[in-house]
Every structure is written in C-alpha cells, then in structure tokens.
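Novice: whatever this is, show me its structure:
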Amino acid sequence: MKLVVDTNVLISALVKNGFTRNFLINRSILFELITPAYVFSEIEKYKSYICEKSEITEKQFYILLEKLMKYIVVINPIHYSSFLKQADDVIGHIHKSDVVFIATALAFNCPVWSDDKHFKMQKEVKVLTNYDIDKILR
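Specialist: This next block holds a predicted model:
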C-alpha cells in the first residue's frame, strides 16, 4: 500500500523514539512511503523546536532525518502539480500547507498518513493515523 507521509509524522519521529520512528526506520514491506519535496521546507522551519524538544544537536538532527528518509520516496512537484487546484478546493480552506500532501495523494491515488485532525475534515482522500497503521500491521 502506497502512503503519503505528512510532515507531522516526520516531526513526531524526529522528536520521540516511539512507534513512528521505529516504523519509518524498520519499514514494513506492506507500505511504499512517499512524500512531496515540500516536506523539507516544513521540517526546516521546525528544526530548532525539534532539536530542543528531543535534546539533539543540529548534526544529530540531520543524521536522524537521513535515517528516517531512507525508505521514503520524495516526489517532485511535477508529479502532483496538476492536482494542486483540486487539492486546494479539498483542504485549502482548512489548512493551506497541506494542499501539497492532498495533491500528492490524489496524484498517486493513495491515503495520507497523518495524525493531524484537520485532514479528517475532508472526505476526498483517505487518511490513516498511527493507530490505523498499527492495526494494519497486527
């Protein structure tokens, strides 16, 4: 199953060594993980917060990010740009920065993996939470 990884999933994995980090590093073959290239600008915005919260240095941050991204395919905007208008109609009025994640999900006809509640406010794209992923794995 293909899944679009939302920024909050990666931030969660960077901040805490738990289910999300373990899943990303020891990826299940049941899932093919993708994310739009935009995710890096969002993560960069929160780098100081992540380093402070997880008590790691900037160098450790980048090493961990590289480990987490090992099994995630980064999608170039050219692959989802034709879906941006539709995605904006779906979630732009709720949360503008998530338009690219919905556009990627629409382009690849797959769910978004996110624990952000605003994703559930739209009905166009299926959203899976950590709880849902854990259930699938069991």
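
Novice: next, count neighbours for Ile102.
Specialist: Residues near Ile102, counting by other C-beta atoms under 10 Å, number 30. To be clear about C-beta, it is placed using only N, CA and C from the backbone, and glycine gets the same treatment.

Novice: just Ala105 next, same as before
Specialist: Burial of Ala105, expressed as a neighbour count using other C-beta under 10 Å, amounts to 28.

Novice: quick check, pLDDT for it.
Specialist: Confidence per residue is given as pLDDT, and for Ala105 that number is 98.

Novice: so it versus Pro111, what's the distance?
Specialist: In this structure, Ala105 lies at 6 Å from Pro111, with C-beta to C-beta, to the nearest Å as the measure.

Novice: list residues touching both of the two?
Specialist: Val4, Val125 (C-beta atoms under 8 Å, 6 or more residues apart in numbering).

Novice: for this structure, which spans come out with low pLDDT?
Specialist: When residues are selected by pLDDT under 70, those of the chain lie in 28.

Novice: after the longest helix seen in it, next one along is what?
Specialist: Identified as the longest helix of the chain according to DSSP state H is helix 58-69. Downstream of helix 58-69, the first helix or strand assigned by DSSP states H and E is strand 72-75.

Novice: show me what the following helix or strand past that following strand is packed against.
Specialist: Where DSSP H and E defines the elements, the next helix or strand beyond strand 72-75 is helix 84-87. Helices and strands touching helix 84-87, as assessed by 3 or more C-beta pairs under 8 Å, 6 or more residues apart in numbering; DSSP states H and E, comprise helix 99-108.

Novice: give me the contacts around the longest helix of the chain.
Specialist: Contact with helix 58-69 is made by Leu10, Ala13, Leu14, Arg21, Leu24, Ile25, Ile43, Lys47, Ile50, Cys51, Ser54, Ile56, as judged by C-beta under 8 Å, 6+ apart.
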